[in-house]
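>>> Turn this into a structure:
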Amino acid sequence: MTESKFTIYSKPFAELTPFELYDIIRLRNEVFIVEQSCVFQDADNKDLSSHHLMIWDDKTLVAYARLLPKGLAYEQMSIGRVISSPAYRGKGAGKILMLHAIAACKALFGDGPIRIGAQLYLKKFYESFGFVQTSDMYLEDNIEHIEMRKAMSK
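Residues are numbered from 1 along each chain as shown. The predicted model follows:
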């Protein structure tokens, strides 16, 4: 699957169309709540101050990440709610998403480190983008997580 097949863009919350917001919520619910059997409060008031990176294949939301400015979730800028549609897993959409998320963070928020709270089983995936584990494993919503950080140079 090549990047040229996709439409990729980022928007602040206020610029999301109702249809984009619906698809984001649907995909987040499908994976984080249903697939992972995790009951949690997804609407955490951080969406309103975040940018929303979306990868589309025609009218299908393939992958999504929330880009958070410094001070919203962590002292550093961060990437959260990283998600690929089950139908597109193993086809490179997640890699494309992370490359664009890192570049978009720098473009939107400037230089500096990026911090993430990653599900432990995805450690090697995030390490492939230069993230390094910075915490012990902890449980969040009964799922093993670690904090990771990527240094960003000027």
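>>> Ranking helices and strands of the chain by mean pLDDT, which lands last?
strand 138-140 (a mean of 90; mean pLDDT, DSSP states H and E).
>>> which helices and strands does it pack with?
Contact here means 3 or more CB pairs under 8 Å, 6 or more residues apart in numbering; DSSP states H and E; on that basis strand 138-140 packs against strand 143-150. Every C-beta, even on glycine, is put in place using the N, C-alpha and C of the backbone.
>>> Now do the buried residues in the strand it packs on.
145-150 (16 or more other CB atoms under 10 Å).
>>> Redo these as CSV? Include pLDDT.
Below are those laid out as CSV (pLDDT from 0 to 100):
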residue, pLDDT
145, 94
146, 97
147, 96
148, 97
149, 97
150, 96
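>>> Nearest to residue 55 among these?
residue 150 (19.9 Å; CB to CB).
>>> And the strands in the protein, which stretches?
Secondary structure of the chain (DSSP state E): strands located at 7-12, 51-57, 60-68, 77-84, 114-119, 132-133, 138-140, 143-150.
>>> shaky segments in this protein?
1-3, 153-154 (pLDDT under 70).
>>> longest single helix anywhere in it?
The longest helix of the chain (DSSP state H) is helix 93-109.
>>> Show me what that one is packed against.
Helix 93-109 packs on strand 7-12, strand 51-57, strand 60-68, strand 77-84, helix 123-127, going by 3+ CB pairs under 8 Å, 6+ apart.
>>> Let's have the ones you listed in JSON lines, adding mean neighbour count and distance to residue 133.
Formatted as JSON lines, these follow (neighbours: other CB atoms under 10 Å; distance: least, CB to CB, whole Å):
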{"stretch": "strand 7-12", "mean neighbour count": "15", "distance to residue 133": "27"}
{"stretch": "strand 51-57", "mean neighbour count": "21", "distance to residue 133": "23"}
{"stretch": "strand 60-68", "mean neighbour count": "24", "distance to residue 133": "19"}
{"stretch": "strand 77-84", "mean neighbour count": "23", "distance to residue 133": "15"}
{"stretch": "helix 123-127", "mean neighbour count": "15", "distance to residue 133": "7"}
